[in-house]
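Asker: Build the 3D model from these lines:
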Amino acid sequence: MHNQEAFLAGNTGAVVVAAGVGSRMGTQIPKQFQVLGGRPVLRWSVDVLLQCEEIAAIAVVVSATDRALAQAVLPSNSRILLVDGGMARTESVRNGLSALVGRGLKKVLIHDAARPGLSPSVVRELIAALDEADAAAPALPVTDALKDNRDGVRSVSRDGLVRVQTPQAFRFDIISKAIAGATNAAVDDLALVESAGARIVLTPGRAELMKITHPEDMAIAEKLIAGPAMRVGTGFDVHGFTAGDGVIICGVKIPHAKKLEGHSDADVGWHALTDAILGAAALGDIGDHFPPSDPKWKGANSVVFLQHAAKLAAERGFHVVNADITLMCEKPKIAPHRDAMRTATAEALALPLDAVSIKATTTEKLGFLGREEGIAAQAVVLLAR
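Answerer: Numbering: from 1, shown residues only. Okay, the predicted model is just below:
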(Lines give C-alpha, C1' and ligand atoms only; values in the text may rest on other atoms or scores of the structure.)
Protein backbone atom coordinates (compact mmCIF):
# COMPACT_ATOMS: atom_id res chain seq x y z
CA MET A 1 0.00 0.00 0.00
CA HIS A 2 1.27 3.47 -0.89
CA ASN A 3 1.89 6.29 1.52
CA GLN A 4 -1.08 8.60 1.43
CA GLU A 5 0.49 11.54 -0.39
CA ALA A 6 -1.43 14.68 -1.23
CA PHE A 7 -1.95 14.70 -4.97
CA LEU A 8 -2.12 18.12 -6.58
CA ALA A 9 -4.63 19.07 -9.26
CA GLY A 10 -3.24 18.54 -12.73
CA ASN A 11 -1.16 15.43 -11.98
CA THR A 12 -3.67 12.97 -13.43
CA GLY A 13 -3.51 11.63 -16.96
CA ALA A 14 -6.07 9.83 -19.09
CA VAL A 15 -5.90 7.15 -21.75
CA VAL A 16 -8.89 7.01 -24.10
CA VAL A 17 -8.90 3.75 -26.03
CA ALA A 18 -10.39 4.28 -29.49
CA ALA A 19 -8.46 1.82 -31.65
CA GLY A 20 -11.18 -0.80 -32.13
CA VAL A 21 -12.96 -1.54 -35.39
CA GLY A 22 -16.41 -2.13 -33.82
CA SER A 23 -17.22 -5.12 -36.01
CA ARG A 24 -20.48 -5.83 -34.17
CA MET A 25 -21.86 -2.43 -35.23
CA GLY A 26 -22.03 -3.65 -38.82
CA THR A 27 -20.83 -0.32 -40.27
CA GLN A 28 -17.73 0.73 -42.18
CA ILE A 29 -17.03 3.68 -39.89
CA PRO A 30 -15.79 2.57 -36.44
CA LYS A 31 -18.34 3.38 -33.74
CA GLN A 32 -16.03 5.86 -31.99
CA PHE A 33 -16.23 8.12 -35.06
CA GLN A 34 -19.96 7.82 -35.69
CA VAL A 35 -22.08 10.84 -34.84
CA LEU A 36 -24.06 10.78 -31.59
CA GLY A 37 -26.17 13.81 -30.75
CA GLY A 38 -24.28 15.96 -33.23
CA ARG A 39 -20.79 14.93 -32.09
CA PRO A 40 -18.55 11.97 -32.89
CA VAL A 41 -18.75 9.39 -30.11
CA LEU A 42 -15.07 9.92 -29.32
CA ARG A 43 -15.55 13.65 -28.77
CA TRP A 44 -18.04 13.15 -25.93
CA SER A 45 -15.41 11.61 -23.64
CA VAL A 46 -12.52 13.81 -24.73
CA ASP A 47 -14.57 16.99 -24.29
CA VAL A 48 -15.48 16.00 -20.72
CA LEU A 49 -11.86 15.21 -19.84
CA LEU A 50 -10.80 18.60 -21.20
CA GLN A 51 -13.35 20.24 -18.88
CA CYS A 52 -11.55 18.76 -15.86
CA GLU A 53 -8.52 20.81 -14.85
CA GLU A 54 -7.28 17.79 -12.89
CA ILE A 55 -6.48 16.05 -16.18
CA ALA A 56 -3.05 17.20 -17.34
CA ALA A 57 -2.74 15.07 -20.47
CA ILE A 58 -5.00 12.82 -22.55
CA ALA A 59 -3.54 10.03 -24.68
CA VAL A 60 -6.12 9.19 -27.36
CA VAL A 61 -5.22 5.78 -28.77
CA VAL A 62 -6.45 5.13 -32.30
CA SER A 63 -5.69 2.71 -35.09
CA ALA A 64 -2.93 3.98 -37.37
CA THR A 65 -5.37 3.77 -40.27
CA ASP A 66 -7.79 6.08 -38.42
CA ARG A 67 -5.20 8.68 -37.40
CA ALA A 68 -6.27 11.26 -39.99
CA LEU A 69 -9.93 10.76 -39.07
CA ALA A 70 -9.13 11.26 -35.39
CA GLN A 71 -7.20 14.44 -36.12
CA ALA A 72 -10.21 15.75 -38.03
CA VAL A 73 -12.72 15.18 -35.21
CA LEU A 74 -10.61 16.02 -32.15
CA PRO A 75 -10.28 19.61 -30.92
CA SER A 76 -6.95 21.38 -31.15
CA ASN A 77 -5.60 21.22 -27.61
CA SER A 78 -2.08 20.84 -26.26
CA ARG A 79 -3.29 18.35 -23.64
CA ILE A 80 -4.29 15.81 -26.32
CA LEU A 81 -1.71 13.28 -27.48
CA LEU A 82 -2.62 11.11 -30.46
CA VAL A 83 -1.16 7.61 -30.05
CA ASP A 84 -1.15 4.61 -32.39
CA GLY A 85 -2.93 1.55 -31.02
CA GLY A 86 -1.87 -2.09 -31.00
CA MET A 87 -3.29 -5.35 -32.25
CA ALA A 88 -5.11 -5.94 -28.93
CA ARG A 89 -6.64 -3.64 -26.34
CA THR A 90 -3.96 -4.38 -23.73
CA GLU A 91 -1.29 -3.31 -26.20
CA SER A 92 -3.20 -0.14 -26.98
CA VAL A 93 -3.43 0.73 -23.29
CA ARG A 94 0.28 0.04 -22.92
CA ASN A 95 1.02 2.45 -25.79
CA GLY A 96 -1.21 5.10 -24.22
CA LEU A 97 0.49 4.82 -20.85
CA SER A 98 3.92 4.98 -22.47
CA ALA A 99 2.97 8.28 -24.12
CA LEU A 100 2.24 9.74 -20.67
CA VAL A 101 5.53 8.68 -19.06
CA GLY A 102 7.82 11.49 -17.93
CA ARG A 103 5.05 13.98 -17.15
CA GLY A 104 5.11 13.55 -13.39
CA LEU A 105 1.68 11.95 -13.31
CA LYS A 106 0.56 10.19 -10.14
CA LYS A 107 -2.81 8.93 -11.32
CA VAL A 108 -4.30 7.83 -14.61
CA LEU A 109 -7.79 7.07 -15.92
CA ILE A 110 -8.24 4.46 -18.65
CA HIS A 111 -11.46 4.86 -20.58
CA ASP A 112 -13.21 3.22 -23.54
CA ALA A 113 -14.26 5.73 -26.20
CA ALA A 114 -17.32 3.53 -26.79
CA ARG A 115 -18.70 4.80 -23.46
CA PRO A 116 -19.58 8.41 -24.38
CA GLY A 117 -21.69 9.09 -21.28
CA LEU A 118 -18.74 10.28 -19.20
CA SER A 119 -19.26 13.23 -16.85
CA PRO A 120 -16.94 15.44 -14.79
CA SER A 121 -18.48 14.07 -11.59
CA VAL A 122 -17.48 10.50 -12.54
CA VAL A 123 -13.92 11.69 -13.28
CA ARG A 124 -13.58 13.51 -9.98
CA GLU A 125 -15.07 10.69 -7.92
CA LEU A 126 -12.47 8.31 -9.35
CA ILE A 127 -9.57 10.71 -8.80
CA ALA A 128 -10.64 11.24 -5.20
CA ALA A 129 -10.97 7.49 -4.64
CA LEU A 130 -7.28 7.04 -5.46
CA ASP A 131 -6.34 9.05 -2.37
CA GLU A 132 -7.20 5.91 -0.38
CA ALA A 133 -6.80 3.11 -2.93
CA ASP A 134 -4.58 1.79 -5.70
CA ALA A 135 -7.37 1.45 -8.23
CA ALA A 136 -11.01 2.42 -8.65
CA ALA A 137 -13.83 1.94 -11.12
CA PRO A 138 -17.50 2.93 -11.42
CA ALA A 139 -19.89 0.02 -10.95
CA LEU A 140 -23.61 -0.70 -11.02
CA PRO A 141 -25.39 -3.51 -9.17
CA VAL A 142 -26.73 -6.39 -11.25
CA THR A 143 -30.51 -6.08 -11.22
CA ASP A 144 -31.57 -8.68 -13.82
CA ALA A 145 -32.02 -12.33 -12.98
CA LEU A 146 -28.96 -14.38 -13.93
CA LYS A 147 -29.01 -17.82 -15.55
CA ASP A 148 -26.23 -20.25 -16.42
CA ASN A 149 -27.07 -21.70 -19.85
CA ARG A 150 -23.94 -23.77 -20.48
CA ASP A 151 -25.43 -27.13 -19.47
CA GLY A 152 -29.14 -26.64 -19.12
CA VAL A 153 -30.62 -23.55 -17.51
CA ARG A 154 -30.05 -22.89 -13.84
CA SER A 155 -30.30 -19.79 -11.71
CA VAL A 156 -27.21 -17.96 -10.50
CA SER A 157 -27.24 -15.74 -7.45
CA ARG A 158 -26.61 -12.09 -8.23
CA ASP A 159 -25.77 -11.22 -4.62
CA GLY A 160 -22.60 -9.18 -4.53
CA LEU A 161 -22.28 -8.99 -8.30
CA VAL A 162 -21.73 -5.67 -10.05
CA ARG A 163 -21.29 -4.42 -13.61
CA VAL A 164 -17.98 -2.56 -13.87
CA GLN A 165 -17.70 0.37 -16.24
CA THR A 166 -14.94 2.73 -17.37
CA PRO A 167 -13.02 4.92 -16.76
CA GLN A 168 -10.98 2.72 -14.48
CA ALA A 169 -8.53 4.70 -12.39
CA PHE A 170 -5.10 3.69 -11.13
CA ARG A 171 -2.04 4.98 -9.43
CA PHE A 172 0.21 5.50 -12.39
CA ASP A 173 3.14 3.41 -11.20
CA ILE A 174 0.97 0.41 -10.29
CA ILE A 175 -0.85 0.11 -13.62
CA SER A 176 2.35 0.82 -15.56
CA LYS A 177 4.12 -2.04 -13.83
CA ALA A 178 1.17 -4.39 -14.22
CA ILE A 179 0.65 -3.73 -17.91
CA ALA A 180 4.36 -3.96 -18.69
CA GLY A 181 4.27 -7.61 -17.61
CA ALA A 182 0.89 -8.46 -19.16
CA THR A 183 1.07 -11.02 -21.95
CA ASN A 184 -2.58 -11.87 -22.55
CA ALA A 185 -5.68 -9.78 -23.06
CA ALA A 186 -7.40 -9.10 -19.73
CA VAL A 187 -11.12 -8.94 -19.00
CA ASP A 188 -10.56 -5.30 -18.12
CA ASP A 189 -7.70 -3.16 -16.81
CA LEU A 190 -8.61 -3.89 -13.18
CA ALA A 191 -7.83 -7.56 -13.81
CA LEU A 192 -4.20 -6.62 -14.38
CA VAL A 193 -3.79 -5.37 -10.79
CA GLU A 194 -6.20 -7.64 -8.94
CA SER A 195 -3.77 -10.53 -8.64
CA ALA A 196 -1.05 -8.21 -7.33
CA GLY A 197 -3.11 -7.49 -4.23
CA ALA A 198 -3.95 -3.90 -5.18
CA ARG A 199 -6.58 -2.22 -3.07
CA ILE A 200 -9.57 -1.56 -5.32
CA VAL A 201 -12.63 0.51 -4.53
CA LEU A 202 -15.82 0.92 -6.53
CA THR A 203 -17.46 4.29 -7.12
CA PRO A 204 -21.08 4.84 -8.21
CA GLY A 205 -21.72 3.81 -11.80
CA ARG A 206 -24.04 5.61 -14.19
CA ALA A 207 -26.64 4.25 -16.58
CA GLU A 208 -25.46 6.76 -19.18
CA LEU A 209 -21.97 5.19 -19.06
CA MET A 210 -23.32 2.29 -21.10
CA LYS A 211 -21.06 0.81 -23.75
CA ILE A 212 -22.05 1.15 -27.39
CA THR A 213 -21.70 -2.30 -28.95
CA HIS A 214 -24.64 -2.90 -31.29
CA PRO A 215 -26.37 -0.50 -33.74
CA GLU A 216 -29.43 -0.15 -31.50
CA ASP A 217 -27.20 1.08 -28.67
CA MET A 218 -26.68 4.39 -30.48
CA ALA A 219 -30.35 5.31 -30.12
CA ILE A 220 -30.35 4.36 -26.44
CA ALA A 221 -27.18 6.33 -25.77
CA GLU A 222 -28.58 9.39 -27.51
CA LYS A 223 -31.65 9.35 -25.28
CA LEU A 224 -29.49 8.98 -22.17
CA ILE A 225 -26.81 11.59 -22.84
CA ALA A 226 -27.63 13.84 -25.76
CA GLY A 227 -30.48 15.67 -24.06
CA PRO A 228 -33.38 17.41 -25.82
CA ALA A 229 -33.34 17.44 -29.60
CA MET A 230 -34.45 21.11 -29.62
CA ARG A 231 -33.68 24.11 -27.45
CA VAL A 232 -35.16 27.62 -27.29
CA GLY A 233 -33.18 30.69 -26.28
CA THR A 234 -34.08 34.34 -25.76
CA GLY A 235 -31.92 37.43 -25.83
CA PHE A 236 -32.43 41.09 -24.99
CA ASP A 237 -30.23 44.11 -25.61
CA VAL A 238 -30.51 47.88 -25.43
CA HIS A 239 -28.25 50.70 -26.56
CA GLY A 240 -28.63 54.42 -26.02
CA PHE A 241 -28.12 57.08 -28.66
CA THR A 242 -25.08 59.31 -28.97
CA ALA A 243 -23.94 61.83 -31.57
CA GLY A 244 -23.51 60.26 -34.99
CA ASP A 245 -24.87 59.86 -38.49
CA GLY A 246 -26.54 56.46 -38.47
CA VAL A 247 -27.24 53.20 -36.69
CA ILE A 248 -26.24 49.63 -37.51
CA ILE A 249 -29.02 47.15 -36.89
CA CYS A 250 -28.91 43.50 -37.96
CA GLY A 251 -25.92 44.23 -40.16
CA VAL A 252 -27.52 47.12 -42.03
CA LYS A 253 -26.41 50.77 -41.78
CA ILE A 254 -29.44 53.05 -41.51
CA PRO A 255 -28.98 56.83 -41.89
CA HIS A 256 -30.09 58.66 -38.75
CA ALA A 257 -29.34 61.83 -36.83
CA LYS A 258 -27.67 59.77 -34.09
CA LYS A 259 -25.82 56.50 -33.65
CA LEU A 260 -26.03 53.80 -31.03
CA GLU A 261 -23.45 53.94 -28.27
CA GLY A 262 -21.46 50.80 -27.58
CA HIS A 263 -17.98 49.31 -27.39
CA SER A 264 -18.45 47.41 -30.67
CA ASP A 265 -20.63 48.60 -33.55
CA ALA A 266 -23.57 48.48 -31.08
CA ASP A 267 -25.71 46.32 -33.36
CA VAL A 268 -28.58 45.90 -30.93
CA GLY A 269 -30.42 43.33 -33.06
CA TRP A 270 -27.49 40.99 -33.55
CA HIS A 271 -26.42 41.38 -29.93
CA ALA A 272 -29.83 40.16 -28.80
CA LEU A 273 -29.69 37.29 -31.30
CA THR A 274 -26.18 36.33 -30.18
CA ASP A 275 -27.38 36.13 -26.58
CA ALA A 276 -30.38 34.03 -27.66
CA ILE A 277 -28.11 31.48 -29.36
CA LEU A 278 -25.71 31.37 -26.40
CA GLY A 279 -28.64 31.02 -24.02
CA ALA A 280 -30.20 28.14 -25.94
CA ALA A 281 -26.88 26.31 -25.86
CA ALA A 282 -26.32 27.17 -22.15
CA LEU A 283 -23.06 28.95 -23.01
CA GLY A 284 -23.39 32.13 -20.98
CA ASP A 285 -23.90 35.52 -22.60
CA ILE A 286 -22.19 37.84 -25.04
CA GLY A 287 -20.28 39.61 -22.28
CA ASP A 288 -18.66 36.35 -21.20
CA HIS A 289 -17.20 35.78 -24.65
CA PHE A 290 -16.64 39.36 -25.79
CA PRO A 291 -16.14 41.54 -22.69
CA PRO A 292 -16.51 45.28 -23.42
CA SER A 293 -13.38 45.86 -21.33
CA ASP A 294 -11.28 44.13 -24.01
CA PRO A 295 -9.95 46.73 -26.49
CA LYS A 296 -9.84 44.03 -29.16
CA TRP A 297 -13.59 44.38 -29.62
CA LYS A 298 -13.70 48.17 -29.89
CA GLY A 299 -15.70 49.00 -33.00
CA ALA A 300 -15.96 45.30 -33.95
CA ASN A 301 -18.50 44.17 -36.50
CA SER A 302 -21.15 42.24 -34.57
CA VAL A 303 -21.28 39.53 -37.22
CA VAL A 304 -18.15 38.20 -35.46
CA PHE A 305 -20.14 37.75 -32.24
CA LEU A 306 -23.12 36.21 -34.01
CA GLN A 307 -21.12 33.68 -36.00
CA HIS A 308 -18.98 32.77 -33.00
CA ALA A 309 -22.11 31.96 -30.99
CA ALA A 310 -23.42 29.80 -33.84
CA LYS A 311 -20.05 28.03 -34.04
CA LEU A 312 -20.06 27.29 -30.30
CA ALA A 313 -23.59 25.90 -30.57
CA ALA A 314 -22.50 23.75 -33.52
CA GLU A 315 -19.65 22.34 -31.44
CA ARG A 316 -22.31 21.17 -29.00
CA GLY A 317 -24.22 19.53 -31.82
CA PHE A 318 -26.84 22.23 -32.45
CA HIS A 319 -27.70 24.35 -35.47
CA VAL A 320 -29.98 27.36 -35.72
CA VAL A 321 -33.40 26.46 -37.13
CA ASN A 322 -34.99 29.90 -37.14
CA ALA A 323 -34.68 33.30 -35.50
CA ASP A 324 -37.24 35.96 -34.61
CA ILE A 325 -36.09 39.49 -33.70
CA THR A 326 -38.28 42.32 -32.43
CA LEU A 327 -36.85 45.85 -32.59
CA MET A 328 -38.31 48.50 -30.29
CA CYS A 329 -37.84 52.18 -31.13
CA GLU A 330 -39.63 55.33 -32.30
CA LYS A 331 -36.97 56.23 -34.86
CA PRO A 332 -35.50 55.35 -37.26
CA LYS A 333 -38.26 53.57 -39.12
CA ILE A 334 -37.41 49.89 -39.48
CA ALA A 335 -39.87 48.78 -42.17
CA PRO A 336 -37.94 50.18 -45.18
CA HIS A 337 -34.83 48.25 -44.11
CA ARG A 338 -36.41 45.06 -42.79
CA ASP A 339 -35.79 42.91 -45.88
CA ALA A 340 -32.14 43.95 -45.99
CA MET A 341 -31.80 43.05 -42.29
CA ARG A 342 -33.39 39.66 -42.85
CA THR A 343 -31.08 38.96 -45.77
CA ALA A 344 -27.97 39.99 -43.82
CA THR A 345 -28.97 37.86 -40.84
CA ALA A 346 -29.81 34.83 -42.98
CA GLU A 347 -26.46 35.10 -44.77
CA ALA A 348 -24.55 35.49 -41.50
CA LEU A 349 -26.07 32.27 -40.13
CA ALA A 350 -26.28 30.39 -43.44
CA LEU A 351 -30.07 30.18 -43.08
CA PRO A 352 -32.81 30.36 -45.70
CA LEU A 353 -34.50 33.75 -45.76
CA ASP A 354 -37.80 32.35 -44.56
CA ALA A 355 -36.10 31.20 -41.33
CA VAL A 356 -35.44 34.80 -40.25
CA SER A 357 -38.15 37.12 -38.98
CA ILE A 358 -37.60 40.77 -38.07
CA LYS A 359 -40.39 42.89 -36.64
CA ALA A 360 -40.56 46.40 -35.23
CA THR A 361 -42.74 48.12 -32.69
CA THR A 362 -42.89 51.30 -30.64
CA THR A 363 -43.71 51.88 -26.99
CA GLU A 364 -46.39 54.45 -27.82
CA LYS A 365 -44.10 57.31 -26.72
CA LEU A 366 -43.67 55.73 -23.27
CA GLY A 367 -40.38 55.33 -21.42
CA PHE A 368 -36.83 55.93 -22.62
CA LEU A 369 -37.66 54.30 -25.95
CA GLY A 370 -40.64 56.60 -26.38
CA ARG A 371 -38.41 59.58 -25.63
CA GLU A 372 -36.12 58.42 -28.45
CA GLU A 373 -33.19 57.86 -26.11
CA GLY A 374 -32.23 54.48 -27.57
CA ILE A 375 -33.24 51.23 -29.22
CA ALA A 376 -34.02 47.83 -27.65
CA ALA A 377 -34.19 44.41 -29.25
CA GLN A 378 -35.53 41.05 -28.22
CA ALA A 379 -34.65 37.80 -30.01
CA VAL A 380 -35.92 34.25 -29.88
CA VAL A 381 -34.06 31.37 -31.51
CA LEU A 382 -34.69 27.67 -31.96
CA LEU A 383 -31.74 25.27 -32.01
CA ALA A 384 -31.97 21.65 -33.11
CA ARG A 385 -29.56 18.74 -33.13
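Asker: burial count for residue 384?
Answerer: Look at residue 384: counted by other C-beta atoms under 10 Å, it has 15 neighbours. For every residue, glycine as well, the C-beta is placed using N, CA and C.
Asker: wait, it sits on residue 280?
Answerer: No. Assessed by C-beta atoms under 8 Å, residue 384 is found out of contact with residue 280, at 9.9 Å.
Asker: Which residues are in contact with each of those two?
Answerer: Common contact partners of residue 384 and residue 280 (C-beta atoms under 8 Å, 6 or more residues apart in numbering): 231, 318.
Asker: Go through the longest strand seen in the chain and flag the buried ones.
Answerer: Secondary structure of the chain per DSSP state E: the longest strand is strand 230-243. The neighbour-count check on strand 230-243 (16 or more other C-beta atoms under 10 Å) flags 231, 233, 235-239, 241 as buried.
Asker: Show me which pair in those residues is furthest apart.
Answerer: 231 and 241 (34.0 Å; C-beta to C-beta).
Asker: Look at residue 284 and say how many residues are nearby.
Answerer: 13.
Asker: repeat for residue 194
Answerer: 14.
Asker: Same question for residue 373.
Answerer: By the criterion of other C-beta under 10 Å, residue 373 has 14 neighbours.
Asker: How about it, nearest residue that isn't a chain neighbour?
Answerer: Excluding the flanking residues, the one nearest residue 373 by C-beta to C-beta, 6 or more residues apart in numbering is residue 240, at 5.8 Å.
Asker: these two touch, right, the one you found and residue 376?
Answerer: No. Using C-beta under 8 Å, residue 240 is not in contact with residue 376, being 10.1 Å away.
Asker: low pLDDT regions in the stretch 201-350 of the chain?
Answerer: Low-confidence segments of the stretch 201-350 of the chain (pLDDT under 70): 226-228.
Asker: Could you chop this structure up by domain?
Answerer: Per the record, the chain has its domains at 12-225, 230-384, by automatic domain parsing.
Asker: From one end of the last one to the other, what's the distance?
Answerer: Terminal residues of domain 230-384 lie 4 Å apart, using C-alpha to C-alpha, to the nearest Å.
Asker: what's around the residue nearest to residue 322 when sequence neighbours are not counted, how many residues?
Answerer: For residue 322, ignoring the flanking residues on the chain, the nearest one in space by C-beta to C-beta, 6+ apart is residue 355 at 4.2 Å. Using other C-beta under 10 Å, residue 355 has 16 other residues around it.
Asker: Please enumerate the helices of this structure.
Answerer: With helices called from DSSP state H, the chain shows them at 41-51, 67-73, 89-100, 120-129, 172-180, 191-194, 215-225, 268-280, 286-289, 303-315, 338-348, 367-370.
Asker: coming back round to it: so how far is the longest strand of the chain off the chain centroid?
Answerer: In this view, strand 230-243 has its centroid 26 Å away from the chain centroid, taken as C-alpha atoms, centre = their mean, to the nearest Å.
Asker: what sits up against that strand?
Answerer: Contacts of strand 230-243 (C-beta under 8 Å, 6+ apart): 258-262, 266, 268-269, 271-281, 318, 321, 368, 372-385.
Asker: Name the strands paired with that strand and say parallel or antiparallel.
Answerer: Partner strands and pairing direction for strand 230-243 (DSSP bridges) are strand 258-260 (antiparallel), strand 374-384 (antiparallel).
Asker: Would you mind giving those strands as JSON lines with distance to residue 41 added?
Answerer: What follows is the strands paired with strand 230-243, written out as JSON lines (distance: least, C-beta to C-beta, whole Å):
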{"stretch": "strand 258-260", "distance to residue 41": "45"}
{"stretch": "strand 374-384", "distance to residue 41": "20"}
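Asker: which one of those strands lies closest to residue 104?
Answerer: Of the strands paired with strand 230-243, nearest to residue 104 by C-beta to C-beta is strand 374-384, at 41.5 Å.
Asker: same question for that closest one, mean pLDDT?
Answerer: The predicted model assigns strand 374-384 a mean pLDDT of 95.
Asker: same question, stretch 147-157
Answerer: If you average the pLDDT over stretch 147-157, you get 92.
Asker: How about stretch 83-91?
Answerer: Stretch 83-91 carries an average pLDDT of 91.
Asker: residues making contact with it?
Answerer: 17-20, 59-64, 67, 92, 94-96, 99, 179, 182, 184-186, 192.
Asker: can you pull the buried residues of it?
Answerer: 83-86, 89-91.
Asker: ok, so of these, who is nearest residue 197?
Answerer: Among the buried residues of stretch 83-91, and counting by C-beta to C-beta, the member closest to residue 197 is residue 90, at 20.1 Å.
Asker: State the distance from that closest one to residue 166.
Answerer: In this view, residue 90 and residue 166 are 14 Å apart by C-beta to C-beta, to the nearest Å.
Asker: now the end-to-end length of stretch 137-146.
Answerer: End-to-end span of stretch 137-146 (C-alpha to C-alpha): 22 Å.
Asker: Not counting it itself, show me its contacts.
Answerer: Outside stretch 137-146, the residues touching it (C-beta under 8 Å, 6+ apart) are 122, 125-126, 155-158, 161-169, 188, 190, 200, 202-207, 209.
Asker: what do you get for stretch 59-68?
Answerer: For stretch 59-68, contacts defined as C-beta under 8 Å, 6+ apart pick out 13-21, 30, 32-33, 42, 46, 69-70, 74, 80-85, 92-93, 95-97, 99-100, 113.
Asker: what's the span of it, first residue to last?
Answerer: Note: stretch 59-68 ends 16 Å apart using C-alpha to C-alpha.
Asker: May I see the buried residues of it?
Answerer: Those would be 59-63, 66, for stretch 59-68 by 16+ other C-beta under 10 Å.
Asker: All set, thanks.
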